[in-house]
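Engineer: One predicted model, sequence on top.
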Amino acid sequence: MPKQKTRKSVAKRFKKTATGKIKRGSAGRGHLFTNKSAKQKRRLRAGALVHDADAKRLINYLPK
């Protein structure tokens, strides 16, 4: 059976944790930082976990 190819667009945006959950970055970090408060920019630095319903779909796209 051939190996499954990694979806490179997914691999660049998501990482797997040691427990198998999927980590993502925050949205809204691309540009227009002058309009955002320092508090908002500080909170956008932190990542978050992907919801379980979405993680089931993404787990097959990431390398094992």
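Structural biologist: Alright, I've got the coordinates.

Engineer: Could you pull up the residues touching the spatially most central residue of the chain?
Structural biologist: Nearest to the geometric centre of the chain sits Arg24, at 2.1 Å (Cα atoms, centre = their mean). Residues in contact with Arg24, defined by Cβ atoms under 8 Å, 6 or more residues apart in numbering, are Arg13, Phe14, Gly47, Ala48, Leu49, Val50. Every C-beta, even on glycine, is put in place using the N, C-alpha and C of the backbone.

Engineer: who touches the third one in this structure?
Structural biologist: It stands for Gly47. Gly47 touches Lys23, Arg24, Gly25, Ser26, counting by Cβ under 8 Å, 6+ apart.

Engineer: can you give me the strands for the chain?
Structural biologist: All strands of the chain, identified by DSSP state E, fall at 14-16, 22-24, 48-49.

Engineer: what's the closest of these to Arg7?
Structural biologist: Comparison of the strands of the chain against Arg7 by Cβ to Cβ identifies strand 14-16 as nearest, at 9.7 Å.

Engineer: and that closest one, what's its mean pLDDT?
Structural biologist: Strand 14-16 shows a mean pLDDT of 95.

Engineer: Next: stretch 28-38.
Structural biologist: 95.

Engineer: Start and end of it, how far apart?
Structural biologist: 14 Å (Cα to Cα, to the nearest Å).

Engineer: chain center to it, what's the gap?
Structural biologist: 19 Å (Cα atoms, centre = their mean, to the nearest Å).

Engineer: Can you check the contacts of Arg24 and name whichever has the most neighbours?
Structural biologist: Within those, Phe14 tops the neighbour count with 20 neighbours, counted by other Cβ atoms under 10 Å.

Engineer: which two from the contacts of Arg24 end up farthest apart in space?
Structural biologist: So for the contacts of Arg24, where distance means Cβ to Cβ, the most widely separated pair is Arg13 and Leu49, at 13.5 Å.

Engineer: Put together JSON lines for the contacts of Gly47, with distance to Ile59 on each row.
Structural biologist: Below are the contacts of Gly47 laid out as JSON lines (distance: Cβ to Cβ, whole Å):
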{"residue": "Lys23", "distance to Ile59": "12"}
{"residue": "Arg24", "distance to Ile59": "13"}
{"residue": "Gly25", "distance to Ile59": "18"}
{"residue": "Ser26", "distance to Ile59": "21"}
